[in-house]
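1. Take this sequence and fold it.
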Amino acid sequence: MKRFLVIGMALILGLFCMGCGESEETLLNVSDKFYTLQESFDNGWLKQKDLKSIAYYYNDGDIGEEFEPNPKKPLSKEIEMGIKQTYLNNWLKEKVPEATEENVKILCYYGTYGNCIVAKVSDDLLRYDYVFEEEKIIGGVRFLNYCEAYTKVLTVQ
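-> Numbers count the residues shown, from 1 in each chain. Model (predicted):
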């Protein structure tokens, strides 16, 4: 009887733990550096099809051709914190030591492509004189009013 009770408890515990594993959206091992879209494409992390999806969202649907983009899944809290922590540690803390994650703003999320998370990231502490290019071609894909300074690519393992 005791053996059946132990086996039953083990089965119940196993059922509670199912689904506790790491999901596709819970990519906690983020890089400690941001990359540009150009660097990510040149390194083979982003493909032309990925760039087209990113451009679709970046250009509000205007990429100059009919295209069905990859659907964007919502950012998990862990990934959002990873993006903010990377920005904070690699840029903002250097300029404003008392800055916190609350000061980092994810202005737009363009999607996750393979191991790359693409987002527009800035902060509310410093004033920037962003340079926008009317048109930027990356990997044969057109981006309108492109600003490399706040379009970030973060890689995950």
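
2. longest strand of the chain?
-> Secondary structure of the chain per DSSP state E: the longest strand is strand 104-113.

3. Need phi/psi at the residue most central in space within the chain.
-> Closest residue to the average C-alpha location of the chain: I117 at 2.6 Å, with CA atoms, centre = their mean. In terms of degrees, to the nearest 10, the main-chain angles of I117 are phi -110, psi 130.

4. I'd say it and T151 touch.
-> No - the pair I117 / T151 is not scored as a contact, 11.9 Å apart, by CB atoms under 8 Å. In short, each C-beta sits where N, CA and C put it, glycine included.

5. For the longest strand of the chain, list every residue counted as buried.
-> 104, 106, 109-113 (16 or more other CB atoms under 10 Å).

6. who's in contact with F132?
-> Going by CB atoms under 8 Å, 6 or more residues apart in numbering, F132 touches 145-147.

7. Need those residues in JSON lines (columns: pLDDT and distance to P71).
-> Below are the contacts of F132 laid out as JSON lines (pLDDT from 0 to 100; distance: CB to CB, whole Å):
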{"residue": "N145", "pLDDT": "90", "distance to P71": "24"}
{"residue": "Y146", "pLDDT": "90", "distance to P71": "23"}
{"residue": "C147", "pLDDT": "84", "distance to P71": "24"}
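
8. which of these tops the neighbour count?
-> When neighbours are taken as other CB atoms under 10 Å, the top entry among the contacts of F132 is Y146 (19 neighbours).

9. How about the contacts made by the closest residue to it other than its chain neighbours?
-> Excluding its sequence neighbours, the residue lying closest to Y146 (CB to CB, 6 or more residues apart in numbering) is K136, at 3.7 Å. K136 makes contact with 142-143, 146, 148, according to CB under 8 Å, 6+ apart.
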